[in-house]
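1. Take a look and give me a structure for this.
(one chain, ligands or ions: 2)
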Amino acid sequence: MSDASATGGSPVLRMESVRKAFGGTVVLRDVDLEVAPHTVTALIGASGSGKSTLLRCANLLEDIDDGAIWLDGEEITDPRVDQDVVRRRVGVVFQAYNLFPHMTVLQNITLAPRRVHGVPRAEAEARARDLLERLGLGDRHDAYPDRLSGGQQQRVAIVRALAVRPRLLLLDEITAALDPELVGEVLAVVRDLKDDGMTMVLATHEMGFARDVADQVCFLDGGVVLERGTAEQVFGEPQQERTRRFLRRIV
Ligand code: ADP
Ligand code: MG
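-> Ligands and ions are numbered 1, 2, ... in the order given. Okay, the predicted model is just below:
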C-alpha cells in the first residue's frame, strides 16, 4: 500500500468507504483509496468492475451514496463545496479523445484556461505551446483534430487536461480506442508526466504499462477493491485467487 508519509506529504486524493449505486445496483462498495503526491495509482479489473465510476466519483461527475472523498485534505463530498472549483483542480482524459472538432489544437487547449480560469490569451497560448512542445506536438498548434492521428489527438487531450495545472490527473483507459501502433506514444507521455511528478490515477488494460509505471495497483472486482499493493506485489505475488485468475486471462 502506498504510504503517504513515506513520500512526504498528505494524500492528494483520499476516498473512505465510498459507495455508489445506480438504481438498485451497487457499483462501488466500501471503497477506500489513498493517493500520495507524485505517485501513480493504476486501477485494474474486468470490464464493469467499477474503474470508470471510481474515477468519475473522484471528479464529482457522479454523486456518491455513502462515504467521503478528500482532495488535498478538503472534503469535496461536503455539499457546501463548489463542485466547479473542485473539477478545475482535477484533470480528466477519457478513452475517446473528445476534442472540439471545429477548433484548432491551440484553441482546444486554451479554451478552459481562458474561459474558466481567466488566464489572458497570450499567457494561455504560451503555456499551451510549451506543453505541446514537451509532448512532441510543437508543430501542430494550428491543426484541426481530424488532421491528427489518434495518438496525437489523445496527446492533445492530455495537454488540454494539463493546461489548467491540475493537482491530480485522472486517465480512463486513454489508449483503449487507439490502434496498437499508437499506444506507445501516449503511454510514453504518461511516463514523462510521472517523471515530472504529476499525481495520477489511471484505469488501464495495459498490464505491462501498469506494472512499469504504477506505484500502487488496485484490483477492482464487482465494485470492491479486492487487492491492492505495489506493482510487484499485485502482479508478482497476487494474494487473491480472483486476482490471479484475472491476470492469467489478461496478460
Ligand atoms: P469499468 O470502467 O470497470 O468497466 P464502470 O465503472 O464503467 O466499470 O461500470 C461499473 C458498473 O456500473 C457496470 O455494471 C455498469 O453497467 C454500471 N454503470 C456505470 N455507469 C452507469 C450508469 N450511468 N447507469 C447505470 N449503470 C451504470
Ligand atoms: Mg471503464
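
2. Now for the closest residue to G197 other than its chain neighbours, how many residues are close by?
-> Distance criterion Cβ to Cβ, 6 or more residues apart in numbering; nearest residue to G197, sequence neighbours excluded, is H38 at 4.4 Å. From N, CA and C alone the C-beta is placed, and that goes for glycine too. Using other Cβ atoms under 10 Å, the number of residues around H38 comes to 17.

3. Verify the stated contact: H38 with T199.
-> Yes: at 5.8 Å, H38 and T199 qualify as touching, with contact defined as Cβ atoms under 8 Å.

4. For ligand 2, see how far away the residue nearest the centre of the chain is.
-> The residue lying closest to the centre of the chain (Cα atoms, centre = their mean) is L170, at 1.7 Å. L170 is 12 Å from ligand 2, where distance means Cβ to the ion, to the nearest Å.

5. All further residue positions should be reported with the first residue as 56.
-> Understood, numbering begins at 56; the last thing we discussed is L225.

6. next one: the least confident helix or strand in the chain by mean pLDDT to chain centre, how far?
-> Among the helices and strands of the chain, helix 138-143 carries the lowest confidence by mean pLDDT, DSSP states H and E, at a mean of 87. Distance of helix 138-143 from the chain centroid (Cα atoms, centre = their mean, to the nearest Å) equals 16 Å.

7. who does it touch, helix- and strand-wise?
-> If you count contacts as 3 or more Cβ pairs under 8 Å, 6 or more residues apart in numbering; DSSP states H and E, helix 138-143 packs onto no helix or strand.

8. just for the protein, where's the confidence low?
-> Flagging of the chain using pLDDT under 70 yields the residue ranges 56-63, 306.

9. residue contacts, Y152?
-> Residues near Y152 by Cβ atoms under 8 Å, 6 or more residues apart in numbering: P200, G205, Q208, Q209, V211, A212, A232.

10. can I get the residues you listed in a markdown table with neighbour count, distance to G291 and secondary structure?
-> Formatted as a markdown table, the contacts of Y152 follow (neighbours: other Cβ atoms under 10 Å; distance: Cβ to Cβ, whole Å; DSSP: H, G, I helix; E, B strand; the rest coil):
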| residue | neighbour count | distance to G291 | secondary structure |
| --- | --- | --- | --- |
| P200 | 20 | 40 | helix |
| G205 | 18 | 32 | helix |
| Q208 | 24 | 35 | helix |
| Q209 | 27 | 30 | helix |
| V211 | 27 | 35 | helix |
| A212 | 24 | 32 | helix |
| A232 | 14 | 30 | coil |
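
11. wait, which of those is closest to ligand 1?
-> A232 (13.8 Å; Cβ to the nearest ligand atom).

12. pretty sure the closest one contacts N153?
-> No: using Cβ under 8 Å, A232 is not in contact with N153, being 10.6 Å away.

13. quick one: contacts for whichever residue of the stretch 56-205 of the chain sits closest to ligand 2?
-> At 3.1 Å from ligand 2, S107 is the closest residue in the stretch 56-205 of the chain, using Cβ to the ion. Neighbour list for S107: D227, E228, A258 [criterion: Cβ under 8 Å, 6+ apart].
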